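Predicted model and sequence below, questions to follow.
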Amino acid sequence: MIKLTLVFIFLIFSFSISANDKFTAEQLIEKAKAFVSAKNSRQQPNTTTKEIDHYISLLSDNFIDEHVKFKFTYTDKTKLRSDMVGKLKDEVINSNIEIKEIMVGANVVFIKMTEMGKVKPAHLDKTIEYSKTNIVSLEFNEAGLIKHIRRHHG
């Protein structure tokens, strides 16, 4: 009974788009997929600054990128880009992101995704292999750019 109630509440929340909500559920799902694709593209063996710039282009000028578990936040595109370019020194053997689930709210998307990869960071002598399921929320501004990312690392 509780599960049925939760599903009912979720459906009401998903389909009750108010006059202030600019994007449909389908548009938000596409934006979520575009974010995951851009995130995945900037973590490949052949990644260049082109992929990094594309990822950053999805962000509004006044964005917040919050890594909840690590109590760390980016709010500056220049600093974010600099850190991403610095990671190009790492040897990425492979990297992939699989979307497990997407939930939609009023101009917000919640993505449950599994990130898998094998990387040798430039500052370490060993290769790191990982597979983590994370939850990310993306809030969008009126222009459809990401204004707030909350990363809940697994």
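In hand now; what should we look at?

residues contacting residue 33?
By CB atoms under 8 Å, 6 or more residues apart in numbering, the contact list for residue 33 reads residue 99. C-betas here are computed from N, CA, C, even on glycine.

what's around residue 57, how many residues?
A count of neighbours around residue 57, defined by other CB atoms under 10 Å, yields 10.

Got phi/psi on it?
Residue 57 adopts backbone torsions of phi -70, psi -20, taken as degrees, to the nearest 10.

which strand is the longest one in the protein?
If you go by DSSP state E, the chain has its longest strand at strand 91-105.

Parallel or antiparallel, which strands does it pair with?
strand 108-120 (antiparallel) (DSSP bridges).

next one: the strand it pairs with to chain centre, how far?
8 Å (CA atoms, centre = their mean, to the nearest Å).

Enumerate the positions of it that are buried.
108-113, 115, 117, 119 (16 or more other CB atoms under 10 Å).

With stretch 60-80 instead?
So for stretch 60-80, counting by 16+ other CB under 10 Å, buried means 60, 63, 65-66, 74, 77, 80.

Stretch 120-137 now?
134-137.

and residue 75, how far is that from residue 50?
According to CB to CB, to the nearest Å, residue 75 and residue 50 sit 24 Å apart.

coming back round to it: can you name the two of the buried residues of stretch 120-137 that are farthest apart?
Using CB to CB, the buried residues of stretch 120-137 reach their maximum pairwise distance at 134 and 137, which is 10.8 Å.

Thanks a lot, see you next time.
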